[in-house]
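Structure of the sequence below:
(chains A, B and C)
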Amino acid sequence: MKFTLKQVADFVGGNVEGDLEATVSSLGKIEEATTTDLTFLANTAYEEYIYTTKAIAVMVSQGFKPKKKITTNLIRVENPYFSFTQILEKYQQMTSMSKVGVESPSFISPSVTLGEDTYIGAFVYIADQCKIAKDVKIYPNSYIGDNCEIGEGTIIHAGVKIYPNTSIGKHCVIHAGAVIGSDGFGFAPNQDGIYKAIPQIGKTIIEDHVSIGANTTIDRATMGATIIKEGAKLDNLIQIAHNVVIGKNTVMAAQVGIAGSTKIGDDCQFGGQSAVAGHLTVANKTTLGGKAATISPIIEPNQFLVGQPAQSKEAMTSDLINIKRIPKIQKQIKELKEKIVHLMNDPAKK
Amino acid sequence: MKFTLKQVADFVGGNVEGDLEATVSSLGKIEEATTTDLTFLANTAYEEYIYTTKAIAVMVSQGFKPKKKITTNLIRVENPYFSFTQILEKYQQMTSMSKVGVESPSFISPSVTLGEDTYIGAFVYIADQCKIAKDVKIYPNSYIGDNCEIGEGTIIHAGVKIYPNTSIGKHCVIHAGAVIGSDGFGFAPNQDGIYKAIPQIGKTIIEDHVSIGANTTIDRATMGATIIKEGAKLDNLIQIAHNVVIGKNTVMAAQVGIAGSTKIGDDCQFGGQSAVAGHLTVANKTTLGGKAATISPIIEPNQFLVGQPAQSKEAMTSDLINIKRIPKIQKQIKELKEKIVHLMNDPAKK
Amino acid sequence: MKFTLKQVADFVGGNVEGDLEATVSSLGKIEEATTTDLTFLANTAYEEYIYTTKAIAVMVSQGFKPKKKITTNLIRVENPYFSFTQILEKYQQMTSMSKVGVESPSFISPSVTLGEDTYIGAFVYIADQCKIAKDVKIYPNSYIGDNCEIGEGTIIHAGVKIYPNTSIGKHCVIHAGAVIGSDGFGFAPNQDGIYKAIPQIGKTIIEDHVSIGANTTIDRATMGATIIKEGAKLDNLIQIAHNVVIGKNTVMAAQVGIAGSTKIGDDCQFGGQSAVAGHLTVANKTTLGGKAATISPIIEPNQFLVGQPAQSKEAMTSDLINIKRIPKIQKQIKELKEKIVHLMNDPAKK
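Below you'll find the model as predicted:
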């Protein structure tokens, strides 16, 4: 796909300074752009790059005044970042696959209902009684167990495994290799220390507009439901245990682990590899730093917590500084001791 | 599936107080139950819920005396928790799929031996010389490499990948997306700092009654065998490196990592995201807290260790308290200094 | 496969002391070897084992003189470790599958180009415009999206998922369940705190001689490319976020996480579960210990850093020792206080 600078400028309501007929075929960052890329300059910290960029064209604001000679073409717009985002979305729409139809071979139980404009890739398995709504795209090699529901417009990428009785909402994206609805890790030891599996008869509910990353695992509930609420975004390789609830619009970076029966509030942000122990409640708008971990509930909302065990950033910074002060403290004590010895031996006192 | 309260009571040897013909179709917790659920009351801490539960029926002990009006039906039994567990297991048996047969298309080498009552899902690949015992269930999209053995009654969930020469015992459960027998991470640098793979010719042995979680990875040995012993239970997203041995009835929560050639004892319990470095031995009945890590062997059995590096809970608690005391220590030193200065300047001494 | 000791000795240019016609069929460590194994003795620390090993034969140096009676056969060579490695490589070559051809059913778009001597396993999906070079082996149940290139001699193990527009170099090994090219974790909140996905239009480049572990995930770039450079080796369950660059011959153990846009240098070594925050640069030859984490750039090359936040091993060791000194410090302060009180009350001063 190629577009002339004129076509691009018309699409975003801007105007070209330079070669109207020059063509762009891709998008890039101003510092990395190649000769077929369109890019943009919004943050003046990046201005230096506009004098050296290889991009065929740069979107700039109406008021931008170059301080040096420019060799690239310019497209002037009101708000370069906003206009570039528009182009980015258009580009993604045009390049994203909007496949429709059922590829062969696939395995779809006769009791499955398939909505309009669905895509079922080859080697997809859809078991009994599943309901697949319209515009759902299921990429190759995915498995959907019995009695699942998948809502309108949801995308299931390649090799996803969904256990029976899972409900997935509308406009979700489930990335490759994710596993949803696996058995909760529940074992009860008998008197000989041998573990027996506790039956896991609950289910998993993924609400609308949820994103689940590659190879993330979400266990179903022992009884009741594990729930990922509307708008939550989970990155790759995350573990969500049985009976967990993740609140609305909560965002978790990669490799986070949430233990069984814990309830995470709305609008939380969890850094990579952070963790929460089981049977806890975490308040709304909690931010956990990378690798932070808590074994206590977080009651007060809107805190930023770091470290293990998680505490405020100020408390953590103090701790780190204070530990480094110990050698000085030891030196001070030694000096005090010497002075006291000196005082005790002071001839004036004798 | 629906059952009358009479049928349920007969099954557990109890008796109904209320509507014998009311029907239950699912099971739930007393605080979350819906109008089609059977639930139970065993722990008096939950008694309040019996007066408000939506459940159609609650199993209670013979001696239970309500303190308020009850609107739900009761099923009186000796031991409500035990009876509920019986129902739970029955429910799981009835709802779990006990599929039998070979779905099409699947790829089964002619040299494979398949026992009676096995289930081979569509898109399953079973390579040369594999021996699949009776009652084994292999769900769709799984891959079994050459020369593997899978013991009686083992369940392989969807999308599991098993490398050649792996031996899996009886009555194991391998969850979706797990990888067993991948190359150990062994590379030797040459004089230019370029790494060359060390041949990995060992194998992986999973003994009987082992459970392996979703997307967990277990590498095969460089030589010899990586071994997961009888009754061990591994949760999701765990990494077991080459030549590791996991002892009998050891239980590991999600995202644990065990580095190469480490031997973990029997009856250990590892919290989520805990880790053990390579070439170590960990004694029987060791408990590692969540995120704990050790780079030293653990010689004495039956310890509970937390933190990084792992130490006793008491030692860790002391450390955390002591760090917080540093500001007070600094204040005390300042006061002592002032007193000493005062003493040194004391006119009495002059 | 069986070989006589004479055949083995001839292959490595050694000579047999014992039964020339005895046969070996596998390889093992001297302390674990079984009666069909060949093993070796290179490190004198293991000498005790040669008097008790069950191995049918042991490779030893020309100068080795037993101190006790030996019951196994010997193969004398210049350098037992080197010779054993030769046998190991030969063994791996002979036992590794060198499959060729396209198994059925598989799904290969008509626009795909397949080189000579490729292997495409059953249930493999290769989408439009992919270029698969000669000697590439793609094991069953793998998915390759549109417009990917895979270089000569690369092995894709079972159940790998590769998103569109990914480029993989020559002689790479991608282990089972790995996901390459998934969406970067990019979401921008609107004024209501609802997150909207930022289009991810970049790609992923895996250069030559790269190894990627089982169930590892590598996200594609937002714009531009996520790059794993030549010779890098990534273990299992690692997370590489969007726009990350991993330098040449860098080695990462399992469960490492690298956040978005971070650039890791050449020849680095990362321990298991270590992590680097986003938008940072890490210098060449940096070694990060297991579980170490940095939220600051690492400017100076060739450092060995441990802990959270990462610091030198010496600094970390000091901290750990110093924390343990706090109780003693408190005791010393108490003693000083008492002495000062004593001094202040000293009748000599009155």
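
Is there a neighbour count for A:Leu74? I'd like the number.
21 (other C-beta atoms under 10 Å in any protein chain shown). In this view, the C-beta of every residue, glycine as well, is placed from N, C-alpha and C.

can you tell me which residues contact A:Ile295?
A:Ala277, A:Leu280, A:Pro309, B:Gly290 (C-beta atoms under 8 Å, 6 or more residues apart in numbering or on different chains).

One more: A:Tyr195?
Contacts of A:Tyr195 (C-beta under 8 Å, 6+ apart): A:Phe187, A:Ala188, A:Pro189, B:Gly231, B:Lys233, B:Asn249, B:Val251.

Just the pLDDT for it.
Reported pLDDT at A:Tyr195 in the predicted model: 88.

Excluding chain neighbours, what is closest to it?
A:Phe187 (3.8 Å; C-beta to C-beta, 6 or more residues apart in numbering or on different chains).

that older thread, any chance of a markdown table for the contacts of A:Ile295, columns neighbour count and distance to chain C?
Output for these, formatted as a markdown table (neighbours: other C-beta atoms under 10 Å in any protein chain shown; distance: C-beta to the nearest C-beta, whole Å):
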| residue | neighbour count | distance to chain C |
| --- | --- | --- |
| A:Ala277 | 22 | 18 |
| A:Leu280 | 17 | 22 |
| A:Pro309 | 15 | 13 |
| B:Gly290 | 24 | 13 |
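
A:Thr35: which of those residues is nearest?
B:Gly290 (51.5 Å; C-beta to C-beta).

Buried only: go through the contacts of A:Tyr195 for me.
With burial judged by 16 or more other C-beta atoms under 10 Å in any protein chain shown, the buried subset of the contacts of A:Tyr195 is A:Phe187, B:Gly231, B:Lys233, B:Asn249, B:Val251.

tell me which of those is nearest to A:Asp37?
Nearest to A:Asp37 among the buried ones among the contacts of A:Tyr195, with distances taken as C-beta to C-beta, is B:Lys233, at 51.8 Å.

who's in contact with A:Gly177?
Neighbours of A:Gly177 in contact, by C-beta under 8 Å, 6+ apart: A:158-160, A:214-215, B:159, B:177, B:215, C:161, C:177, C:179, C:215, C:217.

how about 6 Å then?
A:Gly159, A:Ala214, A:Asn215, B:Gly177, C:Lys161, C:Val179 (C-beta atoms under 6 Å, 6 or more residues apart in numbering or on different chains).

Okay, buried residues for stretch A:317-335 please.
So stretch A:317-335, judged by 16+ other C-beta under 10 Å, has buried residues A:Ser318, A:Asp319, A:Asn322, A:Ile323, A:Ile326, A:Ile329, A:Gln332, A:Ile333.

what would those residues look like in JSON lines with secondary structure?
Shown next, in JSON lines, are the buried residues of stretch A:317-335 (DSSP: H, G, I helix; E, B strand; the rest coil):
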{"residue": "A:Ser318", "secondary structure": "helix"}
{"residue": "A:Asp319", "secondary structure": "helix"}
{"residue": "A:Asn322", "secondary structure": "helix"}
{"residue": "A:Ile323", "secondary structure": "helix"}
{"residue": "A:Ile326", "secondary structure": "helix"}
{"residue": "A:Ile329", "secondary structure": "helix"}
{"residue": "A:Gln332", "secondary structure": "helix"}
{"residue": "A:Ile333", "secondary structure": "helix"}
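
Export the residues you listed to TSV and append columns for distance to chain C and pLDDT.
TSV is the format used below for the buried residues of stretch A:317-335 (distance: C-beta to the nearest C-beta, whole Å; pLDDT from 0 to 100):
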residue	distance to chain C	pLDDT
A:Ser318	14	96
A:Asp319	10	97
A:Asn322	10	96
A:Ile323	5	97
A:Ile326	4	96
A:Ile329	6	95
A:Gln332	10	93
A:Ile333	5	93
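
which residues does A:Lys161 contact?
A:Lys161 neighbours (C-beta under 6 Å, 6+ apart): A:Tyr143, A:Val179, B:Ala158, B:Gly159, B:Ala176, B:Gly177.

Flag every residue of chain A that's near chain C.
A:27-29, A:32, A:88-89, A:91-92, A:105, A:122-123, A:140-141, A:158-159, A:175-177, A:214-215, A:231, A:233, A:235-237, A:249, A:254-255, A:267, A:272-273, A:290-291, A:323, A:326, A:333, A:336, A:340, A:343, A:349 (C-beta under 6 Å from any C-beta of the partner chain).

From those, list just the buried residues.
Going by neighbour count (16+ other C-beta under 10 Å), the residues of chain A next to chain C have A:27-29, A:32, A:88, A:91, A:105, A:122-123, A:140-141, A:158-159, A:175-177, A:214-215, A:231, A:233, A:235-237, A:249, A:254-255, A:267, A:272-273, A:290-291, A:323, A:326, A:333, A:336, A:340, A:343, A:349 buried.

ok, the residue nearest to the spatial centre of chain A - contacts?
Nearest to the geometric centre of chain A sits A:Asp235, at 3.6 Å (C-alpha atoms, centre = their mean). Residues in contact with A:Asp235 (C-beta under 6 Å, 6+ apart) are A:Gly213, A:Ala253, A:Ala254, C:Phe185.

re earlier: so the residue nearest to A:Tyr195 sits right up against B:Lys233, yeah?
Yes. A:Phe187 lies in contact with B:Lys233 (C-beta atoms under 6 Å); the separation is 5.4 Å.

Most neighbours out of the contacts of A:Asp235, which is it?
Neighbour max across those (other C-beta under 10 Å) = A:Ala254, 30 neighbours.

secondary structure class for it?
coil.

tell me the phi and psi of it?
phi -60, psi 150 (degrees, to the nearest 10).

confidence score at it?
98.

Cross-check the contact I'm expecting between it and C:Gln239.
Yes. Under the criterion of C-beta under 6 Å, A:Ala254 makes contact with C:Gln239 at 4.1 Å.

anything in contact with each of the two?
Counting by C-beta under 6 Å, 6+ apart, the residues touching both A:Ala254 and C:Gln239 are A:Asn236, A:Leu237, C:Gly257.

Could you grab the helix/strand/coil label for the nearest residue to A:Thr226 once chain neighbours are set aside?
Nearest non-adjacent residue to A:Thr226, counting by C-beta to C-beta, 6+ apart: A:Thr204, 4.8 Å away. What three-state DSSP gives for A:Thr204 is strand.
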